[in-house]
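Student: Coordinates for the following, if possible.
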Amino acid sequence: MADIAAGAGGSVQVIDAAMLDALTARANASPRLRQHRNLHRSYADPCQRLLNAIEPGSYLRPKRDVMVPRIKLLVVLRGRFALVKFDDGGRIVSVIPFAAGGTQNAASAVEVAPDCWSTTVSLASGSVLLEVRPGPFDPAHLGDFAPWAPEAGTRAAESYLAELEQSVRIRLAID
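Tutor: Now for the predicted structure:
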């Protein structure tokens, strides 16, 4: 990301294809198959903004943000995702496809309420989200993880993700 001087008014951050390519390469090299880059200057900033490159096969444990209520906006810059909404027992309520630029069958962005159990599933390699939410951010509180979803990094999480991805493919009629 380039930081271009803008005179007395401050600077402008530029997000370009080379930066997205580098972020995606780091996601592919990561054991978690994702990599984020903060755009905000500090966790104390009133608006938290970050880029998140997420590859297929990356497990984001379902959660909601009730304890520290924060709406989040997810905008696809590149690729394709599905937002999976759950009920309180962990059953899938809906699967919402969203993709860069939007399409007839997919939105370009989703806004998720704090009380919504959800996760995001990457449907294409090279996919990158812009995430925006209110700050400040406390890294000690990453959200209210679903008690019915396995903890990341476990064998149970691998099995759960495989079942979740299969459910998404069936609901969206993806091969």
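
Student: next helix or strand past the worst-scoring helix or strand of the chain on mean pLDDT?
Tutor: Each helix and strand of the chain was given a mean pLDDT (mean pLDDT, DSSP states H and E); the minimum falls on strand 2-5 at a mean of 52. Once the chain leaves strand 2-5, the next helix or strand it forms, by DSSP states H and E, is strand 11-14.

Student: All the strands of the chain, in order from the start?
Tutor: Under the criterion DSSP state E, strands of the chain are mapped to 2-5, 11-14, 34-38, 47-54, 63-64, 72-78, 80-86, 92-99, 109-112, 117-122, 128-134, 144-145.

Student: chain center to the fifth one: distance?
Tutor: Yep, that's strand 63-64 we're talking about. 12 Å (C-alpha atoms, centre = their mean, to the nearest Å).

Student: helices or strands up against that strand?
Tutor: Packed against strand 63-64, as judged by 3 or more C-beta pairs under 8 Å, 6 or more residues apart in numbering; DSSP states H and E, are the following elements: strand 117-122, strand 144-145. C-beta here means a position set from N, CA and C on the backbone, and glycine is covered the same way.

Student: Which neighbouring elements make contact with the first one?
Tutor: This points to strand 117-122. Contacts of strand 117-122 with other secondary structure elements, assessed using 3+ C-beta pairs under 8 Å, 6+ apart, are made with strand 63-64, strand 80-86, helix 155-172.

Student: could you give the mean pLDDT of the first one?
Tutor: Over the span of strand 63-64, the pLDDT mean works out to 96.

Student: And for the second one?
Tutor: Predicted confidence along strand 80-86 averages 98 (mean pLDDT).

Student: Indicate each strand paired with it and its parallel or antiparallel sense.
Tutor: Paired strands of strand 80-86, with direction, are strand 92-99 (antiparallel), strand 117-122 (antiparallel) (DSSP bridges).

Student: Outside of the last one itself, list whatever touches it.
Tutor: By C-beta atoms under 8 Å, 6 or more residues apart in numbering, the surrounding residues in contact with strand 117-122 are 33-34, 54-58, 60-64, 74, 79-88, 90, 112, 129, 146, 149, 164-165, 168.

Student: okay, the angle between that strand and strand 72-78?
Tutor: 10 degrees (axes from the mean of the first three to the mean of the last three C-alpha atoms, to 10 degrees).

Student: Dump the C-alpha coordinates for strand 117-122 into PDB.
Tutor: Listed in PDB are the C-alpha atoms of strand 117-122, where the atom choice follows Å, rounded to 0.1, in the frame of the first residue of the first chain:
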ATOM      1  CA  TRP A 117     -24.000 -15.900  14.500                       C
ATOM      2  CA  SER A 118     -21.900 -16.000  11.300                       C
ATOM      3  CA  THR A 119     -18.800 -17.000   9.500                       C
ATOM      4  CA  THR A 120     -17.300 -16.200   6.100                       C
ATOM      5  CA  VAL A 121     -16.200 -18.900   3.700                       C
ATOM      6  CA  SER A 122     -13.800 -18.100   0.800                       C
END
